[in-house]
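# Predicted coordinates and the sequence they were generated for:
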Amino acid sequence: MARWGMVIDLDTCTGCQACTIACSIENNVPPPDPDGSDDHRPFTWMRLLPWIGEESPEAAGRMFPRPCMHCDDPPCTKVCPVDATNIDREGIVRQIYPRCIGCRYCTTACPYTVRYFNWKTPSWPEPLEESLNPDVSIRPAGVVEKCTFCHHRLQRAHDTAAAEGRELQEGEYMPACVEVCPSQSMFFGDLDDPDSAVSRRSRTTRAFRLLEELGTKPKVIYLRKGE
Amino acid sequence: MDRNLSAFAPDQALVRPLVETNRRFWILVGVLCSLMAVGAACYLMQLRDGLQVTGMNVPVYWGVYITNFVFFIGISHAGTLISAILRICKAEWRRSITRAAEVITVMVLFFGAGSIILDLGRPDRALNVILHSNFESPLLWDVTSISVYLTGSIIYLYLPLIPDLALLRDGLGKRRWLYRALALGWTGSARQHRLLERAISIMAIIILPIAVSVHTVVSWVFAMTVQPMWHSAIFGPYFVVGAIFSGIGALIVFMAIIRWAYGLEGYFKEIQFRNLGLLLLTMSMLWFYFTLSEFITTYYGGSPDHMVIFWAKLTGPYAPMFWTMVVGCFVIPMTLLSTRLLPVVPSTVLAGITVNIGMWIERYTIVVPSLARPRLPLETGVYYPSFVEIAMTVAFFAGFFLLYLLFTRLFPIVAIWEIREGREVSVTEVSERVASYLPEVGEAQDA
Ligand code: SF4
Ligand code: SF4
């Protein structure tokens, strides 16, 4: 069984936000209201955050992309009273929208603040409505959602491989953000496979994880600024 | 009133509210009902539009609703717990106040549990808590513990009510069907009394650990996360102390209102206020001790994540609330209750009020600041409760008062039989008991 993980190279990341846009389109995350009436509420699953302070010792730019860390020991799943979020066999922390009661305990428990709540029924401006991704369900008002590592792509890759009677190959499954990154700063693959691109990079001295001291064991690994 | 209440002599005053209503009562009911109607309209709006009608946002996912939840559950410690302790200690001055206290618990728990439902994004799926229980979640411990507490508190309120229900069935002449059904064929025989006393003492003992567990698991909802200034081992006892503290304050305020509204000065005497005031004073010191421990350990630990929240509370945007809390929970009660600035009743009532304001703020400054300053450098969260949240809060308080008020109109708010028992049995019993503590006259002389 694979253990999926992501590597983000902060030395080459330009902060262009292509990952953010690709993610929102892939996963049917609605844009903010044009009139700003939903102040402080719009979200994107992938988000660029600024480092505090002027110069960052970690990143070449001043921004870093932040998806869900898909923690190996996630504080969010423990607190869900109805088991609407849990970690699957391949290490992906999933969200069961039809079961979530919207208590928002998980959103307060995640130290990375990557969980988002649907304050209202999502809506899209005119033409966008027609180009929603049919592979991803639209979340109703009142439930929590977050980055899924494009779980639907994994399912599809599994199905294809199964139909062809073979194992999943490296590179067959890749989230939208990784696929689209113009500076090729993002890598994705099986952390348990010692030869995978992510595995090799995660063992370099440049590798670090966010808030590592909390013991959540994130599966998103950052590479700090090179020499 | 020509109604003959002689069956209840000399405690007619206790049944009068059950048969007489006045304009003041109906006006109050009207006001409370309209406040609740506003709340109901707001709730319908929230159901239709989702939680966007509140002031909550990213990353302040919890606000006034959760504050109210903790506050109401805290108030519930007024009743059952205090009444049980006083009963077990055989404190004779408890006789007139136990029921007033127990009713607070039962009524307020509905609104505590209701606050959680109110906060859900999908209240229609609330049953998932049973269908898909994840017992790893502290929220589920809450659900379990609060249900047990509510059941226990209803039984604990009901048992000592039975003899009074029989009195009403036989003497009141009004709503006889209700009292007959509820009195369960009580005749007042010696055997029945023995059984009842036994049942009450058992319940009093069972309810104590349950009550402690309730506010402990409420605190664990916060403490079990790794969030700064939530993740604290002291939270369990700190919350229990805070709950009893605000509970006593609430009880004092309710006693004062009942005493004034129904003219029960003879039952709620200065001694009851004085003793509860002393308890309040003790709890105030305990509360201060816990608050100090919590903040001083955070300060000396100096972990940057925690310090952000620490300063936000002490000198940052939450400072006005924080210091109001310190004044309301410590400075004012200490001043009023340890001096004789004011007579006993006004000073305890005033302290009871400021303690409750302070304790509401305490819960708010626990819930919101930790969420508004997430670890990762997001923009700082801002949160102001919306009209809907305020209206719902007001409606919940109104609903609580209304239920309490209706109870006082259907059942005597002071246990008639316990007062009688006090007069008839305890006076001699207590003097015998006290005598038994002392050396016999003969023995003393021999020595
Ligand atoms: S980053 Fe947050 S939401 Fe994602 S797995 Fe970890 S705790 Fe859960
Ligand atoms: S908001 Fe949904 S997923 Fe999160 S803890 Fe509550 S029920 Fe679970």
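Yes, it's here. Ligands and ions are numbered 1, 2, ... in the order given.
# Count the residues that sit near residue B:131.
10 (other CB atoms under 10 Å in any protein chain shown). Yep, even glycine has a C-beta here, placed from its N, CA and C like the rest.
# Neighbours of residue A:136, how many?
16.
# Remind me which helix or strand it belongs to.
Element membership for residue A:136 (DSSP states H and E) is empty, with no helix or strand holding it.
# how near is it to residue A:104?
22 Å (CB to CB, to the nearest Å).
# Ok, residue B:232 next?
Residue B:232 is 21 Å from residue A:104, by CB to CB.
# Between those two, which is the more surrounded one?
Taking other CB under 10 Å, residue B:232 and residue A:104 do not tie; residue A:104 has more neighbours (24 against 18).
# That one and residue B:62 touch, don't they?
Yes - Residue A:104 is within contact range of residue B:62, at 6.5 Å (criterion: CB atoms under 8 Å).
# overlap in contacts of the two?
Counting by CB atoms under 8 Å, 6 or more residues apart in numbering or on different chains, the contacts common to residue A:104 and residue B:62 are residue B:119.
# who's in contact with the longest helix seen in chain A?
The longest helix of chain A (DSSP state H) is helix A:151-163. Defining contact as CB under 8 Å, 6+ apart, one finds that helix A:151-163 is touched by A:4, A:90, A:92, A:94, A:135-136, A:167-169, A:172-176.
# and if you look at stretch B:161-180?
B:3, B:5, B:7-8, B:15, B:18-19, B:99, B:182-184, B:186-188, B:196, B:410-412, B:415-417.
# What of stretch A:189-205?
A:1-7, A:9, A:91, A:170-171, A:187-188, A:207, A:219, A:221, A:223.
# Write a PyMOL command that selects only the buried members of those residues.
The following PyMOL line selects those of these that are buried, judged by 16 or more other CB atoms under 10 Å in any protein chain shown:
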select buried, chain A and resi 2+3+4+5+6+7+9+91+187+188+207+219+221+223
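# so who does residue B:242 touch?
Counting by CB under 8 Å, 6+ apart, residue B:242 has contacts B:74, B:215, B:287, B:290, B:359, B:362.
# how deep is the closest residue to chain A within chain B tucked in, by neighbour count?
At 2.0 Å from chain A, residue B:121 is the closest residue in chain B, using CB to the nearest CB. Other residues lying near residue B:121 total 21 when counted by other CB under 10 Å.
# now residue B:132
With other CB under 10 Å as criterion, residue B:132 counts 16.
# Provide a list of residues in contact with whichever residue of the stretch 301-447 of chain B sits closest to ligand 2.
Ligand 2 sits closest to residue B:371 of the stretch 301-447 of chain B, with a gap of 14.2 Å, by CB to the nearest ligand atom. Counting by CB under 8 Å, 6+ apart, residue B:371 touches A:108, B:59-62, B:227, B:381, B:383.
# Of those, which pair is most distant in space?
Spanning the widest gap among these are B:227 and B:383, at 15.4 Å by CB to CB.
# tell me which residues in stretch B:80-90 are buried?
Buried-residue list, stretch B:80-90, by 16+ other CB under 10 Å: B:80-87.
# Pull out the buried residues from stretch B:301-314.
By 16+ other CB under 10 Å, the buried positions in stretch B:301-314 come out as B:305-306, B:308-310, B:312-313.
# pLDDT on it, on average?
Stretch B:301-314 shows a mean pLDDT of 91.
# Mind telling me what element residue B:253 is part of?
For residue B:253, the element it lies in under DSSP H and E is helix B:235-262.
# Now flag whichever of the buried residues of stretch B:80-90 is closest to residue B:349.
Comparing the buried residues of stretch B:80-90 against residue B:349 with CB to CB places residue B:82 closest, at 16.6 Å.
# So that closest one sits against residue B:244, correct?
Yes - using CB under 8 Å, residue B:82 makes contact with residue B:244 at a distance of 7.4 Å.
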